[in-house]
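Undergrad: Predicted model, plus sequence, below.
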Amino acid sequence: MERMNGETGVRAVTVVRGDVVALRDVTLLAAPGELLVVLGASGSGKSTLLRTVAGLLPLRAGEVVIDGEPATRMTPGERRVAMVFEDGALIPFLDAADNMGWGLRARRVPRSEVDRRVAGRAGQLRMGRILHRKPDQLSEGERGLVGIGRALVQTPRVFLLDEPLAHLDAAERMRVRRRIVEVVRSLAVTTLYVTHDPTEALALADRVALLHEGRVRQLDPPGTLYDRPADLVVAAMVASIGLVPARLVHAGELAGYRVGSVTLPLWGPAPAEVDDRPLVLGFRPEDVRTDLATDTEAGRDAAAEVDTVPVDAVVTGVEYTGRHHAVTLAVGAPPVTAPGAGLSAAGGSTLRALYPARQQVRTGDAVRVRLDARRAHVFDAATGTALFHP
């Protein structure tokens, strides 16, 4: 399918809703055919962004572009977008099949073509058994599927998907999101996809834009977002990162980080980006090594641990995931108060570690973990901005 060679999204857009500035000078543009995921917590402005592109909200400043064409003055119909709302927004007196085909019929697409497209998308989404049911006969998840199907039967200039999987169970979400990706890629239609779920964002996106308090904090491919978060807000949203306060210490040409009463040596000079300002260290669960005396299942040998330092901690939470226990650990250090630190699932001055499923770990247990300072993500404690990534 031939596509116009232009970006889709917003440039320098500010949107005010009541007394709240929902978007603040936001520029976010998807490349032709790109699946751009907008990730953010509730109230971040992500749904406002989609509604702005769709023409459903007025702008205080900036412009909307669709396929490189200025669209701010276009009506919603002229923009030719297909939008999926979280609640499905179905017409109550039409069955699922007619709801899916409603937009096509409104554009006077022949009935035979409407039926063909509806049947095809219904088959991909495995929803043939519900096509003749009315919305009040459907579960929330099924209504969501109909809303998704209604968008996917079209061939718009842009897909706008607002939390389309919110009402599906976990297994169904994985299956439907694969189908969504297959369809939008086969049509080569630019797609803006909103979600609050970082796992979903990383699984779907060509690029992820992390939105927080009406601003884009980072826009990058999923791997970059995960490996090199721009600040603590991004680090906390994208992965369950543990945070501890630290300061840089020196011994001749060698450097390390002082965390509470423990020094984590770097076994060399400090990274050039790191100086004597107050710091926050971030450790991902996979980089927090459990004590060798009890972690035999991990198969690690002493040689692999020679550069790590033992840190005593207390278990404050245990989540069984099947293969592992995801364990939250409190360490002997002051609370982290840097901007964004409060968003971390682990909280401030705590670590997250993965223990083998067969190893017993209980809340209140005193444990020992091992840390390698060279695996730390380093942030400025005053601003939350990333200084260094391993």
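TA: Ah, there it is. Numbers count the residues shown, from 1 in each chain.
Undergrad: Look at Val64 and tell me its secondary structure.
TA: Under DSSP: H, G, I helix; E, B strand; the rest coil, Val64 falls in the strand class.
Undergrad: where do the helices sit along the chain?
TA: Listed in chain order, the helices found in the chain under DSSP state H are 46-54, 76-79, 96-106, 111-124, 140-152, 170-187, 198-204, 222-227, 232-238.
Undergrad: starting at the chain centroid, how far to the fifth one?
TA: Between the mean C-alpha location of helix 140-152 and the chain-wide mean there is a distance of 22 Å, by CA atoms, centre = their mean, to the nearest Å.
Undergrad: so who does the nearest residue to Val153 once chain neighbours are set aside touch?
TA: The shortest distance from Val153 to any non-neighbouring residue, by CB to CB, 6 or more residues apart in numbering, is to Arg117 (4.3 Å). C-beta here means a position set from N, CA and C on the backbone, and glycine is covered the same way. Counting by CB atoms under 8 Å, 6 or more residues apart in numbering, Arg117 touches 101, 104, 153.
Undergrad: Looking at these, spot the one nearest Ala201.
TA: Val153 (25.0 Å; CB to CB).
Undergrad: Around that closest one, how many other residues sit close by?
TA: Using other CB atoms under 10 Å, Val153 has 24 other residues around it.
Undergrad: my read: it touches Val118, true?
TA: Yes - applying CB atoms under 8 Å, one finds Val153 in contact with Val118, separated by 5.7 Å.
Undergrad: what about Pro339, distance to Asp25?
TA: 19 Å (CB to CB, to the nearest Å).
Undergrad: what does Gly123 give?
TA: On the measure of CB to CB, Gly123 and Asp25 end up 44 Å apart.
Undergrad: now Gln359
TA: For Gln359, the distance to Asp25 - CB to CB - is 50 Å.
Undergrad: ok, back up a step: find residues that contact each of Val153 and Val118.
TA: Shared contacts of Val153 and Val118 (CB under 8 Å, 6+ apart): 100-101.
Undergrad: Which one, of the helices of the chain, ends up nearest to Leu210?
TA: helix 232-238 (5.2 Å).
Undergrad: which other helices and strands contact that closest one?
TA: helix 198-204, strand 207-212, strand 215-220, helix 222-227, strand 279-283, strand 377-380 (3 or more CB pairs under 8 Å, 6 or more residues apart in numbering; DSSP states H and E).
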